[in-house]
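# Have a look at this fold, sequence not included:
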């Protein structure tokens, strides 16, 4: 092995890489937040009595879950151009990850709603709550508690999947790494540093989500 | 006007199907070897040895916390540095195998832990050796509970095999990009590629859902 490792370019580029990690976080947070919302909407679509809504929800969920996420990013980035819709790399990646997340979260929500006994909603309605009130004050809080764990995993997944943005020209952490790589040809060094940064981001995100979850769901845990 | 781009032809469909076949090859090899490796790791983690469990878990956790794309590029550049050039099929598949194994290990571990301790102890009391108990009690019971999650991992591997295109292996997604560059008919090509992926993945995910429903009832 006569390869000389050169870490200096990596150290010089470190501030830029860290700045690019903020883009990674931005993409992941937006996609996750939108995915959570659309996922809930998709769940209600699939639980609806209207056939059209059910079909729409199921189609979205099945496509999102049964095609590669990289393929989905390509569709949003290049495929939509044929219809005159030109998204920036940022929008395309966020849209694709949202599309994917919503599909997975819809299934997670289903598990969460199934975990709440049907009697709870009925009891709330009997007490005079409207359908919306029962959902807001009785059912949804319990659903959110049930899906918090899977949601944390999904968030980690989104952070890691946002690296695919590199292949759609997005200058997030991976894209920025690729940019520096093409200028210095220090592929191994740069991507090794990026791997470490991703690992740290994923771990910090996981710890933060755990810390955040503790006060949020404390009341339920105290119950015997 | 001279034609710069040639239109989509029937032979191009064949080209895509060839790519799909390579996607299936990568996936099958990765899932098979990855599952075997993952079972070993999962078993190691289920042993009552804190240090071993922690060590295996920490190492496998790295593979689950770094994007697969970065792992692929890193490994690809590493073998170039270390002087073991190998075809993109293998460098891609090796990364995918380890990634799959790291996911399967968790599934197998929780499968083994789902087997009631009393059941395992009872088997030992009846005179079964450790391996007999493993083979006839823990494996059938644990694998049955682990099966749906394992199928989820297998599906993820099939879809993640698309990332191998990033290091230059011409599988389904890469084949579609090549066609796209030549024909500029991205919508048709993407539709076909999406359908092929869907046709591979959907039956498996249906199977998993049905299996889970049957377990419940």
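Arrived safely. Predicted model, so just to flag it, every value in this text is computed and none were measured.
# List the contacts of residue A:67.
B:159, B:194, B:197, B:198, B:201 (C-beta atoms under 8 Å, 6 or more residues apart in numbering or on different chains). For glycine as for every other residue, the C-beta is placed from the backbone atoms N, C-alpha and C.
# hang on, I meant residue B:174
For residue B:174, the contacting residues are B:19, B:165, B:168, by C-beta under 8 Å, 6+ apart.
# so who does the second one touch?
This means residue B:165. A:70, B:171, B:173, B:174, B:177.
# related to what we said a few turns ago, looking at the contacts of residue B:174, which is nearest residue A:153?
residue B:165 (25.5 Å; C-beta to C-beta).
# Show me what stretch A:203-213 is in contact with.
By C-beta under 8 Å, 6+ apart, stretch A:203-213 touches A:148, A:152, A:155, A:156, A:159, B:65.
# Touching the host helix or strand of residue A:161 from outside, list them.
Assessed by DSSP states H and E, residue A:161 sits inside helix A:140-161. Contact with helix A:140-161 is made by A:24-25, A:28, A:31-32, A:35-36, A:69, A:97, A:100-101, A:104-105, A:108-109, A:111-113, A:115-116, A:120, A:198, A:201-202, A:205-206, A:209-210, A:213, A:216-217, A:220, B:65-68, as judged by C-beta under 8 Å, 6+ apart.
# which helices and strands sit right next to the longest helix anywhere in chain B?
Counting residues, the longest helix found in chain B (DSSP state H) is helix B:10-46. For helix B:10-46, the elements it packs on are helix B:50-65, helix B:88-114, helix B:139-160, helix B:172-183, helix B:186-216, judged by 3 or more C-beta pairs under 8 Å, 6 or more residues apart in numbering or on different chains; DSSP states H and E.
# Now residue B:126, what are its backbone angles?
phi -70, psi 0 (degrees, to the nearest 10).
# same check, this time on the one 3 residues further on
The phi and psi torsions at residue B:129 (degrees, to the nearest 10) take the values phi -80, psi 170.
# show me the contacts for it.
No contacts exist for residue B:129 under C-beta under 8 Å, 6+ apart.
# what does chain B put close to chain A?
Contact residues (C-beta under 8 Å from any C-beta of the partner chain) of chain B with chain A: B:62, B:65-71, B:73-74, B:77-78, B:81-83, B:155, B:159-163, B:165-166, B:173, B:177, B:180, B:186-187, B:190, B:193-194, B:197-198, B:201-202, B:205.
# List only buried entries from these.
Among the residues of chain B next to chain A, those buried by neighbour count (16 or more other C-beta atoms under 10 Å in any protein chain shown) are B:65-71, B:73-74, B:77-78, B:155, B:159-163, B:165-166, B:173, B:177, B:180, B:186, B:190, B:193-194, B:197-198, B:201-202, B:205.
# So for the closest residue in space to residue A:180 that isn't next to it in sequence, what pLDDT did the model give?
The shortest distance from residue A:180 to any non-neighbouring residue, by C-beta to C-beta, 6 or more residues apart in numbering or on different chains, is to residue A:13 (4.8 Å). Listed pLDDT for residue A:13 reads 91.
# I'd like to know how far residue A:13 sits from chain B.
16 Å (C-beta to the nearest C-beta, to the nearest Å).
# surely that residue meets residue A:190?
Yes: taking C-beta atoms under 8 Å as the definition, residue A:13 is a contact partner of residue A:190 at 7.4 Å.
# The two: who's more crowded?
residue A:190 (27 against 22; other C-beta atoms under 10 Å in any protein chain shown).
# what helix or strand does residue A:4 sit in?
Taking DSSP H and E as the definition, one finds residue A:4 inside no helix or strand.
# Distance of it relative to residue A:75?
For residue A:4, the distance to residue A:75 equals 42 Å [C-beta to C-beta, to the nearest Å].
# circling back: ok, and the residue nearest to residue A:180, which helix or strand is that part of?
Counting by DSSP H and E, residue A:13 is part of helix A:8-47.
# That helix: which residues count as buried?
For helix A:8-47, by 16+ other C-beta under 10 Å, it's A:9-10, A:13, A:17, A:20-21, A:23-25, A:27-32, A:34-36, A:38-40, A:42-43, A:45-46.
# For the most centrally placed residue in chain B, give its distance to residue B:34.
Centroid check for chain B by C-alpha atoms, centre = their mean gives residue B:157 as the closest residue, at 2.8 Å. Separation of residue B:157 from residue B:34 (C-beta to C-beta): 7 Å.
# Mind listing the shared neighbours of those two?
The overlap between the contact sets of residue B:157 and residue B:34 (C-beta under 8 Å, 6+ apart) consists of B:96, B:99, B:100.
# Neighbour count added to these, as a markdown table?
Below are the shared contacts of residue B:157 and residue B:34 laid out as a markdown table (neighbours: other C-beta atoms under 10 Å in any protein chain shown):
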| residue | neighbour count |
| --- | --- |
| B:96 | 25 |
| B:99 | 24 |
| B:100 | 27 |
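# Can you lay out the residues you listed as a markdown table showing distance to residue B:138?
Formatted as a markdown table, those follow (distance: C-beta to C-beta, whole Å):
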| residue | distance to residue B:138 |
| --- | --- |
| B:96 | 28 |
| B:99 | 26 |
| B:100 | 22 |
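# and which of those residues is nearest to chain A?
Proximity of the shared contacts of residue B:157 and residue B:34 to chain A (C-beta to the nearest C-beta) peaks at residue B:99, which lies at 11.0 Å.
# isn't the closest one right next to residue B:68, touching?
Yes: contact criterion C-beta under 8 Å: residue B:99 and residue B:68 qualify, at 5.6 Å.
# Please enumerate the shared neighbours of those two.
Going by C-beta under 8 Å, 6+ apart, residues that sit against residue B:99 and also against residue B:68 are residue B:160.
# Can you give me the end-to-end span of stretch B:127-144?
24 Å (C-alpha to C-alpha, to the nearest Å).
# Can you point out the buried residues in it?
B:128, B:133, B:134, B:137, B:138, B:139, B:141, B:142, B:143.
# State the pair within these that is farthest apart.
B:128 and B:143 (17.4 Å).
# At the contact with chain B, which residues of chain A appear?
A:1, A:3, A:62-63, A:65-71, A:74-75, A:78-79, A:81-83, A:156, A:160-161, A:163-164, A:166-167, A:174, A:187-188, A:191-192, A:194-195, A:198-199, A:202-203.
# Filter those residues down to the buried ones and hand me the PyMOL line.
Buried subset of the residues of chain A next to chain B, written as a PyMOL selection, criterion 16+ other C-beta under 10 Å:
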select buried, chain A and resi 62+63+65+66+67+68+69+70+71+74+75+78+79+156+160+161+163+164+166+167+174+187+188+191+192+194+195+198+199+202
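# could you redo the helices and strands packed on helix B:10-46 as TSV and give each row mean pLDDT?
Shown next, in TSV, are the helices and strands packed on helix B:10-46 (pLDDT from 0 to 100):
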stretch	mean pLDDT
helix B:50-65	93
helix B:88-114	94
helix B:139-160	93
helix B:172-183	89
helix B:186-216	90
